[in-house]
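Q: Pasting the sequence and the predicted model now:
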Amino acid sequence: GLTERLERLRYEWTAGSALPDTTGRLVLRPEPDDEVFVEVLSRVLAGTLDATTRKEAARIGQRQQARQDVTFYRDRMCGDRSWWRIAQTPAGQIAGFGIPSSNVEFPVVGYLGVLPEHRGHGYIDEILAEITRILATEAGATVIHADTDLENRPMAAAFERAGYRNFG
């Protein structure tokens, strides 16, 4: 039987909603090198509130988990690799990343993260706004889906601030 319980919140952005605002506090740039994403994602895993990722990283290590996640989003999801972004401060420090993607049904907020040393500055909103913009304008999405664990209140709040509606 089911031995572990994981509750998730499901969100949806629709074309009738305004695109989330950006402040320009981050520069979001394409990065073709998967190893850059592996490095940044492995650092983001420190203190992650995603239960499944946290558990798997504890079992196989953060770097291996990051490599598996990059491979999954590159090879198994339907999104375009050119949509992926590295987020940098104006001084050039990497602050996080965003992976806009798509599954067989909908464009999705695939993955986003902020490095531990940059958390608490609202950068999550900037990265989510860029993911939403890419999916709405470059991919032509009229609906975008996103999920987060119930305990990940910062991510849920970011979805709500960005105009995503909780539907499940």
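A: Cool, got the structure.

Q: Give me the residue ranges of this structure where confidence is low.
A: 1-4 (pLDDT under 70).

Q: so who does the residue positioned nearest the centre of it touch?
A: Note on the chain: the residue nearest the mean C-alpha position is residue 112, at 2.1 Å, using Cα atoms, centre = their mean. Residue 112 makes contact with 96, 97, 98, 99, 124, 127, 128, 131 under the criterion Cβ atoms under 8 Å, 6 or more residues apart in numbering. Every residue, glycine included, has its C-beta placed from N, CA and C.

Q: nearest residue to residue 40 other than its sequence neighbours?
A: Closest residue to residue 40 apart from its sequence neighbours, by Cβ to Cβ, 6 or more residues apart in numbering: residue 97 at 5.0 Å.

Q: Please determine how far that neighbour is located from residue 43.
A: 10 Å (Cβ to Cβ, to the nearest Å).

Q: The two - which one has more neighbours?
A: Counted by other Cβ atoms under 10 Å, residue 97 and residue 43 do not tie: residue 97 has more neighbours, with 25 against 18.

Q: Quick check, the more buried one in contact with residue 73.
A: No. Using Cβ atoms under 8 Å as the test, residue 97 is too far from residue 73 to be in contact (10.8 Å).

Q: Now do the shared contacts for these two.
A: Common neighbours of residue 97 and residue 73 (Cβ under 8 Å, 6+ apart) are 84, 111.

Q: Out of the contacts of residue 112, which sit inside strands?
A: Applying DSSP state E to those, the entries found in strands are 96, 97, 98, 99.

Q: the longest helix in the chain is where?
A: Across the chain, the longest stretch assigned as helix under DSSP state H is helix 62-75.

Q: sorry, back to before: for the residue nearest to the centre of the chain, name its beta-bridge partners.
A: For residue 112, the beta-bridge partners under DSSP bridges are residue 98.

Q: and the gap between it and residue 149?
A: Taken as Cβ to Cβ, the span from residue 112 to residue 149 is 14 Å.

Q: got it, and residue 30?
A: From residue 30 over to residue 149 (counting by Cβ to Cβ), the distance is 28 Å.

Q: where along the protein do the strands fall?
A: 8-14, 27-30, 85-88, 94-102, 107-114, 143-149, 165-166.
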